[in-house]
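1. I'll drop the sequence and a predicted model, then ask my questions.
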Amino acid sequence: MNNINIIKTEILSDNWYTLRKITYETKNHDGSIVVQSREAYDRGNGSVILLYNKPNQTVILTRQFRMPTYLNGNESGYLIECCAGLLDKDDPEECIKRETEEETGYKVSDVKKVFEAYMSPGSVTEILYFFVAEYSKEMKVSDGGGVHEESENIEVLELPFKQALNMITNGEIRDAKTIMLLQYAQINNLI
């Protein structure tokens with residue numbers, strides 16, 4: 001059911017990604033037409049993965065600086081997260097394999113897509129594709145840490161799964177995509 005008629009689209013910023021102001025008409029439930037404006041930030045779609053090791057009961061996470069969290073009360077600006085990245089014209093599976101190797105140093109070939117979600121649908125267009133994959137020490141091909149040319153400075157963390165779950169409760173893990181994948185692993189008894 002499409003009751004939207006876009007009247008005007010303005011680009012407010014295209015510095016890093018694109019921020020648009022969309023003015024549109026929409027039909028209310030009572031049949032009346034109303035004009036509204038909303039801003040939408042388009043940064044592309046992305047993929048995220050939880051690497052887990054069932055025999056060792058561990059997961060691989062990353063820690064990196066996130067300026068928006070720093071501006072909104074995260075004293076250090078650092079977040080503990082699952083490995084993730086923007087698609088950059090790749091399909092979601094190829095993206096997450098590339099990002100996993102760049103960020104964590106693990107080369108995975110067997111990844112499983114578990115769901116997809118809009119992460120902040122009130123203001124951001126992004127769809128995030130969620131994956132899980134088992135890892136082992138034999139898959140480690142580098143130290144990871146991200147791409148130097150992109151100024152990524154990523155710390156790779158191997159944590160006991162139970163500790164990672166406790167870090168949600170105590171506030172050490174505050175990243176939504178990471179919380180979603182850790183809870184997915186718990187609900188589905190991956191580890």
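-> Looks like it arrived, so ask away. Because the structure is predicted, anything quoted here is derived from the model rather than measured.

2. okay, CA-based contacts and neighbour counts for the rest of this
-> Noted.

3. Gly73 and Gly122: what is the separation?
-> For Gly73, the distance to Gly122 (CA to CA, to the nearest Å) stands at 21 Å.

4. Let's verify Leu182: helix, strand, or coil?
-> Classification of Leu182 by DSSP: H, G, I helix; E, B strand; the rest coil places it in helix.

5. Please apply the same query to Thr178.
-> When classified by three-state DSSP, Thr178 comes out as helix.

6. Could I get the contacting residues of it?
-> 50, 81-82 (CA atoms under 8 Å, 6 or more residues apart in numbering).

7. mind listing which of the residues you listed are in strands?
-> Members of the contacts of Thr178 lying in strands (criterion: DSSP state E): 50, 81.

8. Tell me the most packed of the contacts of Thr178, by neighbour count.
-> Most neighbours among these, by other CA atoms under 10 Å: Cys82, with 28 neighbours.

9. Go ahead and confirm that residue touches Ile60.
-> Yes - between Cys82 and Ile60 there is a contact under CA atoms under 8 Å: 7.3 Å.

10. Can you pull the residues that touch both of those two?
-> In contact with both Cys82 and Ile60: Leu50, using CA under 8 Å, 6+ apart.

11. helix or strand for Val114, which one?
-> strand 112-118 (DSSP states H and E).
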